[in-house]
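K.L.:
predicted model and sequence below, questions to follow.
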Amino acid sequence: MNNETPRSIAAIQDEIIADFALLDDDAEMKVLYVMELGQKLPPMPDEDKTDENIVKGCQSRVWLTARLEGDRVYFTADSNTAITKGLVSLLIRIFNGQKPEAILASDLHFMNAIGMERFIGTQRTNGFSAMIRQMKMYALAFKTKMEIGS
Amino acid sequence: MAIPATLPTDIKKIREEFPVLSQKVNGRDLVYFDNAATSQKPRQVIQALIDYYQTTNANIHRGIHTLAERATKAYEETREAARAFINAESSEEIIFVRGVTEAINLVASSYGRAFLREGDEVIISALEHHSNIVPWQLICEQQKAKLRVIPVTDIGEIDLDAYGKLLSDRTRVVAVNHASNTLGTINPVAEITRMAHAHGAVVLVDGAQAGAHLDIDVRAIDCDFYCLSAHKMYGPTGTGILYGKKKLLDAMPPYQGGGEMIKDVTFEKTTYNELPYKFEAGTPNIADVIAYREAFRFILGLGRETIRAHEHDLLTYATERLTSMPSVKIIGTAPEKVGVVSFVVDGIHPFDIGQMLDARGIAVRTGHHCTQPLMDRYEIEGTVRASFAVYNTKEEIDRLAEGLQRVINFVK
């Protein structure tokens, strides 16, 4: 169990923005970097890659699961496309280890700052919103569960 | 081929006619390889649109004022140009539609309602675009007719033996494409038509992927219907033609009701206008139809043999380049193809390739290309498709190969 207090969602977003700023606004470098991030994502067990865990609204296939450890949320994900896997890894970096209420209250702004729509296109950007929605749904479910449990 | 391929210097001149091609995308010169989805437009087409709105704009056929006369004349000139382009017998046989999708829906709905009965059969091929599948499914369901599908071979050709076995005296309609949008295969439409006619069936040919690339002679093919989309052949979006043999079009009921398609209207009974107006209800897409004429002129001005020779060179070169890459597999290797190369790469999803190529300024198509049954046939989710037009060059194919190699190197 991870007991250390994670950095704030805002701080991690700033870190991502700073990372992308090193890429000289070059679309190819950004795409390659995103793919590289995807390659580093911890693997998801095959048995979790079920139709039930597919995020609806993505053109690529994205599987997403979440678990609550103490009062913190942890996500696991995979995708059949490398870029989408990289994109979901950004969200996992931001949200893993946060409290459900912090995820629910979060306002993600790093996408605009890194010019995401320009290098991944509108369709994938829509899919990205679907991933965020699904992660917040999990957070809401965990928050509700914790409230009922207490 | 007797006529030599166009020289590279000529291609440079042709490219200058396409303003959109001279831009940079993601910092690099645009390489436009999505021509099977839509082609770019030459200046003369763009100018015709501007001229129409600046000097002519008027509703056609009903007005008697000068602008209406001028617009009507220009509109009907395109009909004549279309007739000549496909060698139809009469311009009455040319109906303006929004594009191939509407043309097929028109025939499926109008011909289908009038002539398809329970137990009748419609034959399509496994190579068809969804727009030549779904309209037939809809009408077959409505009329309790049966949809049969000709399989394709491993290299992507229609299996003519299987087709022969599917044909029967219950066959009423055969609908196939002239060239496949996903694989590029050119289908033997004259042979397919001859076989269908022997069983008394009518034939519709979807010419969406032939318009910009092949010589089209509907009388030589002897098909009963032929469809074209303007925007895939250097013309504007939102228009196209349906060719139909006059005796069939005469026998078919109107598809849509409204102005223009009527002779007399009373609440008791309406009589319909003659061909082709019977099938052109409402104010048509006048501007785009008028500009469409310039697309025919552009193609004929270059010469269809010259275009075909150049695109064939590009296809051969692209096929060689891609075949030499071990992890690339071309889907669709029929000997007769238009300039379409569909491929998959081991271990890399087509979307990722498409995105990486876009980052290098190269526009390709990725996915199922509106041919999901065909993807199922090859047990793949999708492909990357590069499709060529007359303004493309071998240097651009080199850029594609370089970009592809870079993705492959990165992932391996």
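P.N.:
Arrived safely, thanks for sending. Quick caveat, the model's predicted, so the values are computed rather than measured.

K.L.:
chain B contacts on chain A?
P.N.:
Selection of chain A residues close to chain B by C-beta under 8 Å from any C-beta of the partner chain yields A:26-28, A:30-32, A:35, A:59-60, A:80-84, A:119-121, A:124. Yep, even glycine has a C-beta here, placed from its N, CA and C like the rest.

K.L.:
and the nearest residue in space to B:Ile192 that is not next to it in sequence, how many neighbours does it have?
P.N.:
Using C-beta to C-beta, 6 or more residues apart in numbering or on different chains and skipping residues adjacent in sequence, the residue nearest B:Ile192 is B:Val176, 5.8 Å away. Residues near B:Val176, counting by other C-beta atoms under 10 Å in any protein chain shown, number 25.

K.L.:
now B:Val176: which helix or strand?
P.N.:
Per DSSP states H and E: B:Val176 is located in strand B:171-177.

K.L.:
touching that strand from outside, list them.
P.N.:
Applying C-beta atoms under 8 Å, 6 or more residues apart in numbering or on different chains, the contact partners of strand B:171-177 are B:104, B:111-112, B:115-116, B:120-125, B:127-129, B:132, B:136, B:145, B:148, B:150, B:158, B:167, B:187, B:189, B:192-193, B:196, B:199-210.

K.L.:
strands paired with it, and their directions?
P.N.:
strand B:121-125 (parallel), strand B:202-206 (parallel) (DSSP bridges).

K.L.:
now the end-to-end length of stretch B:158-177.
P.N.:
10 Å (C-alpha to C-alpha, to the nearest Å).

K.L.:
and for stretch B:149-159?
P.N.:
Start-to-end, stretch B:149-159 (C-alpha to C-alpha) is 10 Å.

K.L.:
and it, average pLDDT?
P.N.:
In this model, stretch B:149-159 has a mean pLDDT of 97.

K.L.:
give the buried residues for that stretch.
P.N.:
Residues of stretch B:149-159 classed as buried: B:149-150, B:152, B:156-158 (neighbour count, 16 or more other C-beta atoms under 10 Å in any protein chain shown).

K.L.:
what stretches of chain B score poorly on pLDDT?
P.N.:
B:1-9 (pLDDT under 70).

K.L.:
what is the neighbour count of residue 40?
P.N.:
Just so you know, I chose chain A. A:Lys40 has 10 neighbours, counted by other C-beta under 10 Å.

K.L.:
wrong one, I was asking about chain B
P.N.:
Counted by other C-beta under 10 Å, the residues lying close to B:Gln40 total 19.

K.L.:
what residues sit buried inside the host helix or strand of A:Met111?
P.N.:
Under the criterion DSSP H and E, the helix or strand holding A:Met111 is helix A:110-113. Buried residues in helix A:110-113, counted by 16+ other C-beta under 10 Å: A:110-111.

K.L.:
so B:Ser90 makes contact with B:Ala82?
P.N.:
No. Using C-beta atoms under 8 Å, B:Ser90 is not in contact with B:Ala82, being 11.6 Å away.

K.L.:
okay, and the common contacts of those two?
P.N.:
Common neighbours of B:Ser90 and B:Ala82, using C-beta under 8 Å, 6+ apart, do not exist here.

K.L.:
re earlier: for the residue nearest to B:Ile192, name its beta-bridge partners.
P.N.:
Beta-bridge partners, per DSSP bridges, of B:Val176: B:Val205.

K.L.:
compute the distance between it and B:Cys223, please.
P.N.:
In this view, B:Val176 and B:Cys223 are 9 Å apart by C-beta to C-beta, to the nearest Å.

K.L.:
need the residues touching each of these two.
P.N.:
With C-beta under 8 Å, 6+ apart, B:Val176 and B:Cys223 have common neighbours B:189, B:203-205.

K.L.:
for the most centrally placed residue in chain A, list the residues it contacts.
P.N.:
Nearest to the mean C-alpha position of chain A, by C-alpha atoms, centre = their mean, lies A:Leu91 at 1.9 Å. Applying C-beta under 8 Å, 6+ apart, we find A:Leu91 in contact with A:75, A:77, A:131-132, A:135.

K.L.:
where does it fall, phi/psi-wise?
P.N.:
Backbone torsions of A:Leu91, given as degrees, to the nearest 10, read phi -70, psi -40.

K.L.:
I'd like the distance between it and A:Leu64.
P.N.:
Distance, A:Leu91 to A:Leu64, using C-beta to C-beta: 9 Å.

K.L.:
common neighbours of those two, please.
P.N.:
Jointly contacting A:Leu91 and A:Leu64 under the rule C-beta under 8 Å, 6+ apart are A:75, A:77, A:131, A:135.

K.L.:
the residues you listed in strands, which ones?
P.N.:
Among the shared contacts of A:Leu91 and A:Leu64, DSSP state E puts A:75, A:77 in strands.

K.L.:
tabulate the shared contacts of A:Leu91 and A:Leu64 (JSON lines), appending distance to B:Ile331, pLDDT and neighbour count.
P.N.:
Shown next, in JSON lines, are these (distance: C-beta to C-beta, whole Å; pLDDT from 0 to 100; neighbours: other C-beta atoms under 10 Å in any protein chain shown):
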{"residue": "A:Phe75", "distance to B:Ile331": "36", "pLDDT": "97", "neighbour count": "25"}
{"residue": "A:Ala77", "distance to B:Ile331": "30", "pLDDT": "97", "neighbour count": "26"}
{"residue": "A:Met131", "distance to B:Ile331": "30", "pLDDT": "94", "neighbour count": "23"}
{"residue": "A:Met135", "distance to B:Ile331": "36", "pLDDT": "97", "neighbour count": "25"}
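
K.L.:
export the shared contacts of A:Leu91 and A:Leu64 as TSV, with columns for distance to B:Ile408.
P.N.:
Converted to TSV, the shared contacts of A:Leu91 and A:Leu64 look like this (distance: C-beta to C-beta, whole Å):
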residue	distance to B:Ile408
A:Phe75	30
A:Ala77	25
A:Met131	27
A:Met135	32
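
K.L.:
and the strands in chain A?
P.N.:
A:62-69, A:72-79.

K.L.:
most packed of these?
P.N.:
Mean neighbours per residue, mean count of other C-beta atoms under 10 Å in any protein chain shown, is largest over the strands of chain A for strand A:72-79, with a mean of 23.

K.L.:
now do the contacts for the nearest residue to A:Ile103 once chain neighbours are set aside.
P.N.:
Ranked by C-beta to C-beta, 6+ apart and with sequence neighbours excluded, the top spatial neighbour of A:Ile103 is A:Ala139, at 3.8 Å. Contacts for A:Ala139 were tallied using C-beta under 8 Å, 6+ apart; they are A:66, A:73, A:95, A:100-101, A:103-104.
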